[in-house]
Every structure is written in structure tokens, then in C-alpha cells.
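> would you be able to build a 3D model of this:
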Amino acid sequence: MAKGKDARVKVILECISCVQNNVNKKSTGISRYITQKNRHNTPSQLELRKFCPYCYKHMIHGEIKK
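Here you go, the predicted structure:
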């Protein structure tokens, strides 16, 4: 039996600051988090404030496409 479109999907959140600034010169990498969202309740892209270990502060992490 094939799976239908589930309401809950996994999304990847990526630090917007690291992407725009092309990451700090001292460190290498971009902060990413994996979470879930309900597609029916939040059809728009998800943005959350999470801690970025490369910026050393809480920054906005936006949803990216896989």
C-alpha cells in the first residue's frame, strides 16, 4: 500500500546570517537544524530563532529545500 501525503514533513532550518555572510572566516560550516512541521497548519516557510554555534548567538534559521 502506497503512502499518501502526510501532514507532518521533515524540514531543514539553516542560519540565514551564515549564508549571507558566507560564513565567518575563522570557522567552516553553516548551522543547520532538522525539525518537523505540519504542512496543513503552516503552508509557508518556517523561520525560528535558534542558536548558531558559528555566529555564537541566537539567529534566525529559515527553511531550505532538500
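
> mind listing the strands in the protein by residue range?
8-15, 32-38, 47-52, 57-64 (DSSP state E).

> the first one pairs with which strands?
Strand pairing for strand 8-15, determined by DSSP bridges: strand 32-38 (antiparallel), strand 57-64 (antiparallel).

> including distance to Gln20, could those strands go into a markdown table?
For every residue, glycine as well, the C-beta is placed using N, CA and C. Listed next are the strands paired with strand 8-15 as a markdown table, based on distance: least, CB to CB, whole Å:
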| stretch | distance to Gln20 |
| --- | --- |
| strand 32-38 | 15 |
| strand 57-64 | 10 |
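
> buried sites along stretch 5-19?
11, 13-18 (16 or more other CB atoms under 10 Å).

> of those residues, the lowest pLDDT goes to which?
Note: of the buried residues of stretch 5-19, the lowest pLDDT belongs to Cys18, at 82.

> so who does His58 touch?
His58 makes contact with 49-52 under the criterion CB atoms under 8 Å, 6 or more residues apart in numbering.

> tell me which of the strands paired with strand 8-15 lies nearest to Asp6.
strand 32-38 (9.6 Å; CB to CB).
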